[in-house]
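Undergrad: One predicted model, sequence on top.
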Amino acid sequence: MANILVTGGAGYIGSHTCVELLNAGHSVVVFDNLSNSSEEALVRVQALTAKSLIFVEGDIRDANALDQVFAAHQIDAVIHFAGLKAVGESQQIPLVYFDNNIAGSISLVQAMQRANVFNLVFSSSATVYDEANISPLNEDMPTGMPSNNYGYTKLIVEQMLQKLAIADARWSIALLRYFNPVGAHKSGRIGEDPQGIPNNLMPYVTQVAVGRREKLSIFGQDYDTVDGTGVRDYIHVVDLANAHLCALNNRLEAAGCRAWNIGTGNGSSVLEVKNTFEQVNGVAVAFEFAPRREGDVATSFADNARAIAELGWKPQYTLEDMLADSWNWQKQNPEGYKK
Ligand code: NAD
Ligand code: UDP
């Protein structure tokens, strides 16, 4: 069993990963500045698992704070979730995104190197793929220039980590390219709790269903897809969390830097998601069609064969499971962690 530092561990994907890490018997130190999360998530992670973790409130750009964490705990590997992720905001305040996501990642790997810790799992994104690629997307396809500054930070950090591993063979780095994480822990105690108006489809759908928002705007109805709406590869956050444990096992053994897609391999359209949500949960989601959103592609879904073959990982949950679990969380926590 290993001692894992989880940056951004109080967030949506991080909190679910902490549950799986603790259930698997690992020790967990969470390092998070709570800029987009609540400590309550970690209280619930510990209640769910009946295990304790260590929480350190701090910023990955703070070298001294990181040094203290590495000095105080014998860390074997780092899972790095910390960062900002709002696409629209990244266009308004690019420097804040470059600082948190790029400079923050540099600060983290520098601290790891000082502490002689060289195993890293990094949260990347399918957004790094060149838009000209045709789905299913595989890891050998070219990356491109993402249309927004958030995606740009993911691409830069990926490239930086690849170069780092080439320059220094002590590094063992997994780049996990997430497709569209949705769903929540079965208990409904932890889940996605976006601040302000959600950017992503799933939290928007659940907030309409719970009465916090009037109606969903479906961005575009004239794409070349099954029903004209955008197609994405939705992946249950618990499956995604488990991919980190598989990647961790792989990285504790191998050297170098390698990318893996984490998706189900299935594409679902916005209308399919909305309609299935209504059927599975017996709740209506008011909607209207709206113009296409700038920067969106028609279709994006994964070829996940590499993760299945090399990581020993396999997604377990269906779209119905994802939509039921998202609703279970939202219903139990209409205002997220606030109430
Ligand atoms: P989240 O915002 O819920 O979690 C990120 C966490 O990092 C938050 O708890 C936040 O407080 C913390 N954080 C932010 N900046 C920090 C800093 N400078 N120092 C310390 N902590 C900091 O987001 P999430 O959905 O859980 O995403 C986790 C990671 O996965 C992010 O890197 C994100 O870009 C990436 N990712 C997310 C998605 C998605 O759709 N959710 C898709 C692809 C990749
Ligand atoms: N979408 C939508 N309405 C919303 C949010 C998203 O129609 O309020 C669509 C979006 O155009 C895309 C899909 O839902 O086709 C998934 O979008 P999301 O922002 O969740 O993820 P992305 O794949 O863009 O990162």
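TA: That came through fine. Ligands and ions are numbered 1, 2, ... in the order given.

Undergrad: List the residues that contact D62.
TA: When the contact criterion is C-beta atoms under 8 Å, 6 or more residues apart in numbering, the partners of D62 are S107. To be clear about C-beta, it is placed using only N, CA and C from the backbone, and glycine gets the same treatment.

Undergrad: separation between it and F118?
TA: 21 Å (C-beta to C-beta, to the nearest Å).

Undergrad: now A209
TA: With C-beta to C-beta as the criterion, A209 and F118 are 45 Å apart.

Undergrad: Likewise for P334?
TA: Distance from P334 to F118, by C-beta to C-beta: 43 Å.

Undergrad: Comparing the two, which residue is more hemmed in?
TA: Shown here are P334 and F118; by other C-beta atoms under 10 Å, F118 has more neighbours (21 against 13).

Undergrad: Helix, strand or coil: sort out the nearest residue to the more buried one once chain neighbours are set aside for me.
TA: Leaving aside its sequence neighbours, F118 sits nearest to R170 (C-beta to C-beta, 6 or more residues apart in numbering; 4.5 Å). Assigned by DSSP: H, G, I helix; E, B strand; the rest coil, the conformation of R170 is coil.

Undergrad: Was I right to think R170 contacts N119?
TA: No. Taking contacts as C-beta atoms under 8 Å, R170 lies outside contact range of N119: 9.6 Å.

Undergrad: Have a look at the two and say which one is more surrounded.
TA: Neighbour totals were compared for R170 and N119, and N119 leads with 25 against 12 (other C-beta under 10 Å).

Undergrad: Counting neighbours, what do you get for the residue of the stretch 201-339 of the chain found nearest ligand 2?
TA: Nearest residue of the stretch 201-339 of the chain to ligand 2, counting by C-beta to the nearest ligand atom: G230, 2.4 Å away. The number of residues packed near G230 is 24, by other C-beta under 10 Å.

Undergrad: Name all residues that make contact with it.
TA: Neighbours of G230 in contact, by C-beta under 8 Å, 6+ apart: F219, G220, Y223, S269, V270, D296, V297, A298, T299.

Undergrad: again, only using 10 Å
TA: 201, 218-221, 223, 267-271, 273, 292-293, 296-300 (C-beta atoms under 10 Å, 6 or more residues apart in numbering).

Undergrad: So among those, which ones count as buried?
TA: 201, 218-221, 223, 267-271, 273, 297-300 (16 or more other C-beta atoms under 10 Å).

Undergrad: Identify, from these, the entry nearest to V43.
TA: L201 (28.4 Å; C-beta to C-beta).

Undergrad: Would you mind stating the distance between the closest one and S268?
TA: Taking C-beta to C-beta, one finds L201 at 10 Å from S268.

Undergrad: shared neighbours of the two, anything?
TA: N180, G230, R232, Y234.

Undergrad: how far away is the second one from E139?
TA: When you say that, I think you mean G230. Taking C-beta to C-beta, one finds G230 at 22 Å from E139.

Undergrad: Pull the number of nearby residues for the residue in the stretch 201-339 of the chain that ligand 1 sits nearest to.
TA: In the stretch 201-339 of the chain, the residue that lies nearest ligand 1 is V237 (8.3 Å; C-beta to the nearest ligand atom). Close neighbours of V237, defined as other C-beta under 10 Å, add up to 27.

Undergrad: and it, what is it in contact with?
TA: Going by C-beta under 10 Å, 6+ apart, the list of residues near V237 reads 12-13, 15-17, 178, 181-185, 190-192, 202, 317, 322, 325-326, 329.

Undergrad: And ligand 2, is the helix ranked longest in the chain touching that?
TA: In the chain, taking DSSP state H as the definition, the longest helix is helix 149-167. No. Using C-beta under 6 Å from any ligand atom, helix 149-167 never reaches ligand 2; the gap is at least 8.9 Å.

Undergrad: what's the answer for stretch 270-278, then?
TA: Yes. For stretch 270-278, a contact with ligand 2 is found by C-beta under 6 Å from any ligand atom, at V270.

Undergrad: contacts for that stretch?
TA: With C-beta under 10 Å, 6+ apart, stretch 270-278 has contacts from 180, 182, 201-202, 205-206, 208-209, 216-221, 223, 225-232, 234, 268-269, 283-287, 289, 318-320, 322-324, 326-327.

Undergrad: mind listing which of these are in helices?
TA: Counting by DSSP H, the contacts of stretch 270-278 place 201-202, 205-206, 208-209, 319-320, 322-324, 326-327 in helices.

Undergrad: So which bits of the longest helix of the chain are buried?
TA: 149-158, 160-162, 164-165.

Undergrad: and the chain, which residues reach ligand 1?
TA: Near ligand 1, when you scan the chain using C-beta under 6 Å from any ligand atom, you find 7-8, 10-14, 32-37, 59-61, 81-85, 100, 104, 123, 125, 178, 181.
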